Structure formats: structure tokens, C-alpha cells
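K.L.:
structure for this input, please:
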Amino acid sequence: QHIATAIITSEKTMNSTEDPVLLQKVASELEQLRDNERQQQTQQSDGMPFPKSCRKLLSTIPGNSRCVDCGCRNPDWASVTYGVLLCMTCSGRHRSYGVGVSRVRSISMDAWSHSQVVAMLEGGGEQLQSFYARHGMGTDSDAFHRRYQTKAARFYRQNMESHVKKICQLGTYKGRAASRKAATSSSIRTTAASKLQPTSRDVRNRLSLASAVECSAMRSNRSLPGSNLGSSSRHIRVC
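P.N.:
Here you go, the predicted structure:
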């Protein structure tokens, strides 16, 4: 639910921007990135230029034709943290926030990892703008210039990171709509499985119940005439 609120746009919008032929090329390029990381044995390395087909798909994502902050056309910088594009000026401001708030890279000059490219394909300017607008931090808001330092921004970052990890674990990339549907199904299965596992509180309650039953039985035995529990009772806790 959190991911749906923070990240995912309408399925209709996603489907309208995804070309099957382009998606096949994107999937192939992403697997090349993944293979490159395996060869380097450093999955967190930034090792290859932003793939051509991935860049083409990136340009079709709503809101990516302009800088997410100032609206400047044809942005060539990015905040991987939010999966959005920035102009050079705004990218400098994002660098000043620190990598814990916004990690900045150049689409054309820097090298990219598999997870970073996936983050860009799962983000989008319109997506982030809509999120901020729902939290009262749109372009006309007094909080606009400090919105990346808010709790809402931290919420978005955390959910974006979690979402990208799930997408990367699913295997071959199949586009925003298909991958998000699979990620949501995976979350539902994980939640259902976790509910079947007893929590520490459940275990404590069961132990307390067992102890109460044991104590009740001991009291009953002591109340019987001539009852003798023997030496073994010394090792049993008495309530």
C-alpha cells in the first residue's frame, strides 16, 4: 500500500508509454548490465554508460521531458534516489543535499549500475510531482524549496529503494506495468507468509498460558489429602 501511494502511477499511463519491441531491447541491455556486475563481482559498482534503449524508454516516461524542479527542457542529469531528471543547475543543488538525500549522476557522462538504471525506469518527474502535490508541496507551496528534506521525501526514498530491490530480484525486466504487478504480488505473498509465523509476543503469551496451567495443576495436587509430589517438584516453578 505504501509503495502504491508513494510511487506507482496509473496502469493506464504506464501501458500507453511502453512499446513491446523497445521493452525487449531494454531487457537485453539491463541483463548486460547485470552480467557486467557479476563479472566485476561488485554489484554496487557503476560500470557502464546509460544504455541506448533504456535512455529512449526513459524519455517516454511522463514528466521526463523537463527538469523535475525548475521545468527546464531536455534535462541531462538525474537524481537516482528519486528516479527523476534534472537540469545542470538543479543537479548542483541536489548535490548539496548530500548522497543520503539525493544521489546525482549524469545521463550522458557517468557510468551506471543495473539497479540505478532500473530506478530511473521506475521513477519519473510526473510521478514525484504528483506525490509532492498530494502532500501539499507542489510548485506553489511555501515548502517547495525544502521538500527534499521533509519526512514525506524520506518516505518516498525508502519506498523507492525497496521497490527497486524487488524489481531487480524478479529477473528479466518487463516494463513498469508488468514488473510492478509482479512486485505487488510478491509483497502480498510475503505479508501472508509473515502472518503465519508466530511473533515473539505470541510465543510469550503461549509460555505464560502454559505456565498458568502448570501452576493451576500444582495447586490442585497440593490441595488433595495425602498428596506427595516427590523430589521432582523441586525443579518446577511454583506460582
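
K.L.:
buried stuff in stretch 143-150?
P.N.:
Using 16 or more other C-beta atoms under 10 Å as the test for burial, stretch 143-150 gives Arg147, Tyr148. C-betas here are computed from N, CA, C, even on glycine.

K.L.:
for stretch 172-181, that is, sorry about that
P.N.:
Neighbour-count burial for stretch 172-181, with 16+ other C-beta under 10 Å as criterion, is recorded at Tyr173, Lys174, Gly175, Arg176, Ala177, Ala178, Ser179, Arg180.

K.L.:
now that stretch: average pLDDT?
P.N.:
What stretch 172-181 shows for mean pLDDT is 87.

K.L.:
mind putting the buried residues of stretch 172-181 in TSV, secondary structure and distance to Asp35 included?
P.N.:
Shown next, in TSV, are the buried residues of stretch 172-181 (DSSP: H, G, I helix; E, B strand; the rest coil; distance: C-beta to C-beta, whole Å):
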residue	secondary structure	distance to Asp35
Tyr173	coil	14
Lys174	coil	18
Gly175	coil	20
Arg176	helix	23
Ala177	helix	25
Ala178	helix	22
Ser179	helix	19
Arg180	helix	24
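
K.L.:
between those residues, which is nearest Glu122?
P.N.:
Of all the buried residues of stretch 172-181, Arg176 has the smallest distance to Glu122: 6.4 Å, by C-beta to C-beta.

K.L.:
isn't the closest one up against Glu122?
P.N.:
Yes. Using C-beta atoms under 8 Å, Arg176 is in contact with Glu122, at 6.4 Å.

K.L.:
could you list the low-pLDDT ranges of this protein?
P.N.:
1-17, 41-46, 186-239 (pLDDT under 70).

K.L.:
now do the strands in it.
P.N.:
48-49, 77-79, 84-86, 104-106, 111-112 (DSSP state E).

K.L.:
and Ala133, how many neighbours does it have?
P.N.:
Using other C-beta atoms under 10 Å, Ala133 has 13 neighbouring residues.

K.L.:
can you check Cys72 too?
P.N.:
As a burial measure, Cys72 scores 15 neighbours (other C-beta under 10 Å).

K.L.:
same check on Met88?
P.N.:
Counted with other C-beta under 10 Å, residues neighbouring Met88 total 12.

K.L.:
would you confirm that it contacts Ala78?
P.N.:
No. Look at Met88 against Ala78 with C-beta under 8 Å: they stay out of range, at 11.5 Å.
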